[in-house]
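>>> Any chance you could fold what I've pasted below:
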Amino acid sequence: MDTALAAISDRSRREILRLVWAQELPAGEIARHFTVTRPAISQHLRVLEDAGLVSVRKVGTRRLYRARPQGLAELRTYFESLWDDSLERLKFEAEQEERKEPRHAGNRPQRSD
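Below is the predicted model:
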């Protein structure tokens, strides 16, 4: 999972994942969306492939890239667990606060004006 986290830490690689999420694209088409060199895009694609986040299919001399949703599943599970833990803590804190301060109108102190 650390490899995948490192791979998506780069903005360009996240954009590449977005581009190849719904369709298979050759490296040249992916490179057209960026101002960096094609070799730089190839390096980004290699990092994503090594992390298991994209698959590569060779057709003749072309290499077609597509996102691997299953490669992102572990990351998603990890982030969802953080979210679930945060929600549990928030729920616990809210319940603790509710026990401390009854919120019924009849229990509020009266103003003495």
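>>> which one's the longest helix in the protein?
Among the elements of the chain assigned as helix by DSSP state H, the one spanning the most residues is helix 69-100.
>>> Which elements pack onto that helix?
helix 2-8 (3 or more Cβ pairs under 8 Å, 6 or more residues apart in numbering; DSSP states H and E). Using the backbone N, CA and C atoms, a C-beta is placed for each residue, glycine as well.
>>> List the buried residues of the helix or strand that comes right after the helix it packs on.
Next along the chain after helix 2-8, taking DSSP states H and E as the criterion, comes helix 11-19. Across helix 11-19, burial judged by 16 or more other Cβ atoms under 10 Å covers 12-13, 16-17, 19.
>>> tell me which element Arg66 is part of?
strand 62-67.
>>> Could you please name the strands that strand pairs with and the direction of each pair?
strand 25-26 (antiparallel), strand 54-59 (antiparallel) (DSSP bridges).
>>> and Val36, what is it in contact with?
Ser12 (Cβ atoms under 8 Å, 6 or more residues apart in numbering).
>>> one more time with 7 Å
Listed by Cβ atoms under 7 Å, 6 or more residues apart in numbering, the contact set of Val36 is empty.
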